[in-house]
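with the input below, show me the fold.
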Amino acid sequence: MGLFFRNVNEDLRPIKVDFKIPQFLKIEGLKQPTKRSYRPTDFISPIFGLAVKDEVVAPFINKASGSIAKQFDFLRTNPMEDRSTYQEFKDVIVNLEKRKEVFGEHVYVSDRKYQKEDKKAPEITIPFKGWQKKSKFDEVITSTQEDKKVVVKTPLETVTAVETAVVDKQEREIPIIKKVDEPHHESELEASLTKLEPTFIEKEESTLTEEIIKRQPEVKKPKKARRKYTLPPYEIFSTSESKTEELPEWLTNQAEQINSTLLHFNVPGKVINIIKGPTVTRHEIELEKGINVSRVNTIKENLMMSLAAETIRIEAPIPGKHYVGIELPNTIPEIVLFGNVVNDPSFKNDFNNPLKIALGVDIDGRNIFENIKNMPHGLIAGATNSGKSVCINTIIASLLMKNHPDDLKFIMIDPKMVELSLYNDLPHLLTPVINDARTAAIALNWAVDEMERRYKLFADNRARDIKSFNEKVSSDDNLESLPCIVIIIDELADLMMASSQEVETSIQRLTAKARAAGIHLIVATQRPTTDVVKGTIKANINTRIAFRVSSYVDSITILDQAGAEQLLGKGDMLLKSVDRPMRLQGAYIKDSEIEKLTDFIKAQLEPEYLFTHDKLKERETLKKSQEKDELFFEVAKFVVEQDSCSINSIQQQFNLGFNRAQKIVESLENEEIVSVGEKNKARTVLITMSDLERFNDL
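Numbers count the residues shown, from 1 in each chain. Predicted coordinates for the structure are as follows:
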């Protein structure tokens, strides 16, 4: 219909229809049933697919041994055949039945079975006399009766008759054993023998002579007699009278200046006590209640400026007191003589502690002593001219004053050659004073071996330490008492430069467990840096003595805290045997007094060295030759041929690790085949091939 021919009354409004989604009608019974997919009842391996019948279920088998091929039988439908039965041998004759089928021959099967010893039938033993003519019956009868012997044995109620027909005594007898129960044709010789009546000969009793070996009585080695010895007198050392005078004027001026400084900085407190020591005076300050003690530390620099002091040390608080201590150097210091300290009755009359040493005097004026047995090792550090060497001399002199040479032995190591030279030729020495760093390292190795030997000796005699072992010596004639050994190292830095690893290992082992063995170590150095005093060395050294050092870092290296950098020097020291260090003035001993002491001892006894330096080196060479690497001579030959020695080339040539190659190079240095390695400089080969061949022949 066109636009102009439309019906006027036609309704043009839109028709509303409900929204519907066309769907196919489901007619029951028309849908075909789908094919069900296979669903396994148990887990199957994905290698067979998802719809494969699970003929094989792969369990988890964790086997690290056995046949590797048979471990995969769980993946096979049929298990793998034994590989010992090869396919090509299946058709080959491998048994008697198969042989009979192929060749038609008679198969011999032995009826003989194993019988126990107690069930065996009687046997007749006929000796074999060689291949001879068959003996006639008449010849056998006319043979002499002496040539026929019958021996009857009855083991376990079984009688075995043995007849020996001797035909020719010169021929070798080889017996042939025939069983009675075996079927065989009886020969004429056997028939004749069985008809003879056996003659029983009584077995002659063997006349055994008992040999008595008399052991010679063991000759007991006589104990070494204790040498006659007199302890040195204390009159050798000079003494001084203590001055008990009133406080000098300069001390009262210091106290007034401290009070004014505290008032100026609003720190309520005042000096209530002054204790004058030999070189340092301590002013004890009492603070008012509620005042923090750390406020005194905040004005430390101001106190130094107002007192015009070189150094100042503040203890806030003083251990065991209710005061804060300010330590200032004395204007006129005093010298503490060694004679004054050792003449103290607590040292002089103490015979139960022979390892007691005198160190000095504290601020309160008390004499301070330490027992090496309780220390049991010591570390001494300080700069030059701070009093370190004098402290070592006082330790040695204290021990010499109280010990017999048979009870105490020294190993002294003095790389500087001048500090311990006064003690040469002492009877207390195990070996002469050592000046060579390499020899010192060998001596420390010997000390480690001696420590292990003593512990083995303690274990064999059920002793816990050297004291209990020496107590058993008096009741056992086979034992000899062991002396205490004190090792003194005057300068550790030189040893660490020469052989750092070896020295560090020896010191670490000694400080760890040498106390019970009676071996003690006193180590001193003037360069307390971390490359010399390593953490492994000072870990087991609890007693430390610090003299004046150059920096705050060095103080931390020695004491694990600051304070040593503020000391005055010339014997002023900090002793740390517990948590808090204690300030002392070290005792001073003159060289002339040391000479008097050593001369008195040398005049009584001659030195009896356990080993000399040469013997010590020979022992170390022998020990290292027994521990040489199996590639030592091959590497030596390679080095001599190449005329150069480097650890990297040895590693590449022999496929070695760095540590093993380094040990071989050190062995080459010890045998003087190559020179000692230096920084930025290659080692030089010192011998020729002919020299190496002669060395190998040795």
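
give the contact list for the residue nearest to Arg660 when sequence neighbours are not counted.
Once flanking residues are discounted, Arg660 sits nearest to Asp629: 6.9 Å by Cβ to Cβ, 6 or more residues apart in numbering. C-betas here are computed from N, CA, C, even on glycine. Counting by Cβ atoms under 8 Å, 6 or more residues apart in numbering, Asp629 makes contact with 635, 660, 663-664, 667.

if I look at Asp629, what pLDDT would I see?
Asp629 is assigned a predicted lDDT (pLDDT) of 72.

doesn't it lie inside a strand?
No. The assignment for Asp629 (DSSP: H, G, I helix; E, B strand; the rest coil) gives coil, which keeps it out of a strand.

which helix in the protein runs the most residues?
Across the chain, the longest stretch assigned as helix under DSSP state H is helix 437-460.

and that one, what does it pack against?
strand 408-413, helix 466-473, strand 484-489, helix 492-498, helix 500-513, strand 519-525, helix 613-626 (3 or more Cβ pairs under 8 Å, 6 or more residues apart in numbering; DSSP states H and E).

what about the nearest residue in space to Trp250 that is not next to it in sequence, distance to Thr281?
Distances taken as Cβ to Cβ, 6+ apart place Thr331 nearest to Trp250, at 5.2 Å, with adjacent residues excluded. In this view, Thr331 and Thr281 are 9 Å apart by Cβ to Cβ, to the nearest Å.

so for these two, which sits in the more crowded spot?
When Thr331 and Thr281 are compared on other Cβ atoms under 10 Å, the one with more neighbours turns out to be Thr281, at 22 against 10.

per-residue confidence for that one?
At Thr281, pLDDT is 91.

please, which helix or strand holds it?
Assessed by DSSP states H and E, Thr281 sits inside strand 280-287.

beyond that strand, next helix or strand please.
Once the chain leaves strand 280-287, the next helix or strand it forms, by DSSP H and E, is helix 294-298.

show residues contacting that following helix.
Residues contacting helix 294-298 (Cβ under 8 Å, 6+ apart): 262, 267, 269, 285, 287, 314, 316, 324, 326.

format these as JSON lines; extra columns: distance to Pro607.
Listed next are these as JSON lines, based on distance: Cβ to Cβ, whole Å:
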{"residue": "Leu262", "distance to Pro607": "61"}
{"residue": "Val267", "distance to Pro607": "62"}
{"residue": "Gly269", "distance to Pro607": "60"}
{"residue": "Ile285", "distance to Pro607": "56"}
{"residue": "Leu287", "distance to Pro607": "60"}
{"residue": "Ile314", "distance to Pro607": "50"}
{"residue": "Ala316", "distance to Pro607": "52"}
{"residue": "Val324", "distance to Pro607": "54"}
{"residue": "Ile326", "distance to Pro607": "51"}
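
can you list the residues you listed in a markdown table and add pLDDT?
What follows is the contacts of helix 294-298, written out as a markdown table (pLDDT from 0 to 100):
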| residue | pLDDT |
| --- | --- |
| Leu262 | 91 |
| Val267 | 88 |
| Gly269 | 89 |
| Ile285 | 91 |
| Leu287 | 90 |
| Ile314 | 89 |
| Ala316 | 84 |
| Val324 | 91 |
| Ile326 | 91 |
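
and of those, the nearest to Ile673?
Ile314 (60.3 Å; Cβ to Cβ).

that closest one - that's part of a strand, no?
Yes. Using three-state DSSP, the assignment for Ile314 is a strand.

for it, grab the count of nearby residues.
By other Cβ under 10 Å, 16 other residues sit near Ile314.

that one: what's it in contact with?
296-297, 300, 324-327.

likewise Leu303?
Taking Cβ under 8 Å, 6+ apart as the criterion, Leu303 is in contact with 258, 261, 309, 312, 326.

could you pull up phi and psi at the first one?
Pointing back at Ile258 there. Main-chain dihedrals, Ile258, degrees, to the nearest 10: phi -70, psi -40.

surely it meets Val324?
No. Ile258 is beyond contact range of Val324, at 10.6 Å (criterion: Cβ atoms under 8 Å).

quick one: which of those two has more around it?
Per other Cβ under 10 Å, whichever of Ile258 and Val324 has more neighbours is Val324, with 24 against 21.

was I right to think the more buried one contacts Ile285?
Yes. Look at Val324 against Ile285 with Cβ under 8 Å: they come within range, at 4.6 Å.

list residues touching both of these two?
Joint contacts of Val324 and Ile285 (Cβ under 8 Å, 6+ apart) are 269, 296.

so where's the stretch 401-550 of the chain uncertain?
Counting by pLDDT under 70, the stretch 401-550 of the chain shows no low-confidence range.

hmm, 80 instead?
The stretch 401-550 of the chain contains residues with pLDDT under 80 at 477.

ok, now the stretch 1-150 of the chain?
Scanning the stretch 1-150 of the chain for pLDDT under 80 picks out 1-18, 22-150.

can you do 50?
The stretch 1-150 of the chain contains residues with pLDDT under 50 at 1, 114, 134-135, 137, 140-150.

can I get the CA coordinates of whichever strand or helix holds Gln257 in PDB?
Using DSSP H and E, the element containing Gln257 is helix 249-264. Output of helix 249-264 as PDB, limited to C-alpha atoms (Å, rounded to 0.1, in the frame of the first residue of the first chain):
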ATOM      1  CA  GLU A 249      98.500  21.700  98.600                       C
ATOM      2  CA  TRP A 250      98.100  20.900  94.900                       C
ATOM      3  CA  LEU A 251      95.700  18.100  95.700                       C
ATOM      4  CA  THR A 252      93.400  20.400  97.700                       C
ATOM      5  CA  ASN A 253      93.600  23.000  94.800                       C
ATOM      6  CA  GLN A 254      92.400  20.300  92.400                       C
ATOM      7  CA  ALA A 255      89.400  19.400  94.700                       C
ATOM      8  CA  GLU A 256      88.400  23.100  94.900                       C
ATOM      9  CA  GLN A 257      88.600  23.400  91.100                       C
ATOM     10  CA  ILE A 258      86.400  20.400  90.600                       C
ATOM     11  CA  ASN A 259      83.800  21.700  93.000                       C
ATOM     12  CA  SER A 260      83.600  25.100  91.200                       C
ATOM     13  CA  THR A 261      83.300  23.400  87.800                       C
ATOM     14  CA  LEU A 262      80.400  21.200  89.000                       C
ATOM     15  CA  LEU A 263      78.700  24.300  90.400                       C
ATOM     16  CA  HIS A 264      79.200  26.300  87.200                       C
END
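
tell me the angle that helix makes with strand 280-287.
Interaxial angle, helix 249-264 versus strand 280-287 (axes from the mean of the first three to the mean of the last three Cα atoms, to 10 degrees): 30 degrees.

now helix 249-264: buried residues?
Residues 251, 254-255, 257-258, 261-262 are the ones in helix 249-264 that count as buried (16 or more other Cβ atoms under 10 Å).

would you map the helices across the stretch 201-350 of the chain?
Assignment of helices within the stretch 201-350 of the chain using DSSP state H, counting those that start in this stretch yields the ranges 249-264, 294-298, 300-307, 338-342, 345-348.

quick one: strands adjacent to whichever helix or strand comes after the last one?
Translated: helix 345-348. Elements were assigned by DSSP H and E; along the chain past helix 345-348, the next helix or strand is strand 356-362. As defined by DSSP bridges, the strand partners of strand 356-362 come to strand 367-371 (antiparallel), strand 582-586 (antiparallel).

contacts for the helix or strand following the last one, please.
So that's strand 582-586. Once the chain leaves strand 582-586, the next helix or strand it forms, by DSSP H and E, is helix 591-602. For helix 591-602, contacts defined as Cβ under 8 Å, 6+ apart pick out 232-233, 236-238, 338-339, 393, 397, 400-401, 405, 422-423, 425-428.
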